[in-house]
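# When you get a sec, could you give me coordinates for this:
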Amino acid sequence: MTNSITLIIRDIEEKTNNVLDIPATFTAAQVLGDLIQSIGLPVSDNQRRPLRYHLQRKKNRQLLPPSSPLGEGGLMRGEVLLIYSEVPPPVIFDKPSGLIFPELAQFWPEKWSEIQRWQAAGAFDRAILALLSLWLELRNHSVERGGLRFNHVSAYLTELFARFIFDQLRLADFDNFFEVLQSKEAGLFFAENPAAAQQSAKYLLMVSYRLATNQQYLRSHEAAILALQLEPNNAAAHQLEELGRAYVTVQASTDPEEKLQLAETIFELDPDYGNIQRDLEQLRFGRSHNMPQPGSVPLPETPPWINPAYFYSGADDNPVFYRNAQNNLIQYLSIAAGGLFFLLLVIVLYLTSR
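Modelled structure (predicted):
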């Protein structure tokens, strides 16, 4: 791996050029963080919603993972990268964080700027660690602890952890989240904020089930393990961890009897988990097609809905997923109403024709 690489970074409309000699060990998030600071890229839109920036290879439109060194991505010297932004959907709060927590920017402008910059660059680990240091500072201050600003920092940390989880889902890679979770500050925060630990564990279970649906069983298992670290007594986390571990073993085993026995166990625990119905049929009846290997099936841009039996807890559930459940119910009711109307119309036409 070379010590540095020269890249041409343009905006998505290709109106501006930035020719940079970048250390090969830099990640895409580091490059984006430096660009946000050096050329003044906005970290929020005109509605104060946070922006998320990405680097994309022009030649094949491939997104660069935020945490991987550029020197390991096969980039060519002088290659053109495009930078573009998006507004991520809300996770916990429907309003922009700048409107909910205005005092964060007012009292800690430098720290807030750093947090917003790394969040926009996709370096959620750095953003969270910066916010955790602020939380710890307030926690150790007897006047601030339990006050409005302390509570707002705690609430925003919960939001950032949720964003971090779903960003890691996009990459199907939880290494960075695991490293943050192992930090002393994160351990202290979750120990003193059980509701935040419960919320993050719930999102990790949602992510775990989504990954299994897309046959990313190893990463699904990792997400369930992380959920167990946050909530050791969570029954759903134990079941998803067991399912993930069994499926990974099925894929690795060369013993047909062991594979069949494990697959039957998975099916008994949850017949809708992953691709177990097709894989069990293959193992029982010897179909010719092979079971997919871990990571062979990419995640779609918008993952499918998950099994609500694991997570549904009424109107207090996460608003994004709860709205999806409501929308699904409305769709089913609309279809039923349409069918009933058609049936009544047929009956009326039949009676009037007699």
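# Now do the buried residues in whichever strand or helix holds residue 198.
Applying DSSP states H and E as the criterion places residue 198 in helix 194-213. Of all the residues in helix 194-213, those buried under the rule 16 or more other Cβ atoms under 10 Å are 196-213. (Glycine included, C-beta is placed from N, CA and C.)
# okay, which residue is most central for the chain?
Centre of the chain computed as the mean C-alpha position; nearest residue by Cα atoms, centre = their mean is residue 166, 1.2 Å away.
# you'd agree that one is up against residue 91?
Yes - using Cβ atoms under 8 Å, residue 166 is in contact with residue 91, at 6.5 Å.
# so what sits against both of those two?
The contact sets of residue 166 and residue 91 overlap at residue 203 (Cβ atoms under 8 Å, 6 or more residues apart in numbering).
# Residues touching stretch 254-268, excluding its own?
Outside of stretch 254-268, the residues within contact range by Cβ under 8 Å, 6+ apart are 243, 246-247, 249-250, 253, 273-274, 276-277, 279-280, 283-284.
# out of those residues, which are buried?
Among the contacts of stretch 254-268, those scoring as buried are 243, 246, 247, 250, 273, 274, 276, 279, 280, 283 (criterion: 16+ other Cβ under 10 Å).
# just the helices in the stretch 101-250 of the chain please.
Secondary structure of the stretch 101-250 of the chain (DSSP state H, counting those that start in this stretch): helices located at 102-107, 109-121, 124-139, 148-171, 175-181, 184-192, 194-213, 217-230, 235-252.
# Of all those helices, which one is nearest residue 64?
Closest to residue 64 of the helices of the stretch 101-250 of the chain, according to Cβ to Cβ: helix 148-171, at 10.8 Å.
# so who does the closest residue in space to residue 186 that isn't next to it in sequence touch?
Leaving aside its sequence neighbours, residue 186 sits nearest to residue 180 (Cβ to Cβ, 6 or more residues apart in numbering; 5.6 Å). With contact set as Cβ under 8 Å, 6+ apart, residue 180 has these partners: 125, 128, 129, 164, 186.
# Mind putting these into CSV with pLDDT and neighbour count?
CSV is the format used below for the contacts of residue 180 (pLDDT from 0 to 100; neighbours: other Cβ atoms under 10 Å):
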residue, pLDDT, neighbour count
125, 90, 20
128, 92, 28
129, 92, 17
164, 87, 25
186, 92, 22
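# Correct me if wrong: residue 114 contacts residue 130.
Yes - between residue 114 and residue 130 there is a contact under Cβ under 8 Å: 5.3 Å.
# Compare those two (neighbour count), which wins?
Neighbours were counted for residue 114 and for residue 130 using other Cβ atoms under 10 Å; residue 130 has more, 21 against 18.
# I'd assumed residue 116 was in contact with that one.
No - using Cβ under 8 Å, residue 130 is not in contact with residue 116, being 9.9 Å away.
# Mind listing what's buried along stretch 220-239?
For stretch 220-239, by 16+ other Cβ under 10 Å, it's 220-231, 234, 236-237, 239.
# any idea which of those is closest to residue 352?
Here the nearest of the buried residues of stretch 220-239 to residue 352, counting by Cβ to Cβ, is residue 236; it sits at 55.4 Å.
# gap between the closest one and residue 267?
The gap separating residue 236 from residue 267 is 18 Å, by Cβ to Cβ, to the nearest Å.
# Tell me if I'm right that residue 63 and residue 52 touch.
No - using Cβ under 8 Å, residue 63 is not in contact with residue 52; the gap is 11.6 Å.
# one step back: I'd like the contacts of stretch 254-268 laid out as TSV, including pLDDT.
Listed next are these as TSV, based on pLDDT from 0 to 100:
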residue	pLDDT
243	92
246	91
247	92
249	91
250	88
253	87
273	89
274	87
276	88
277	87
279	88
280	87
283	86
284	84
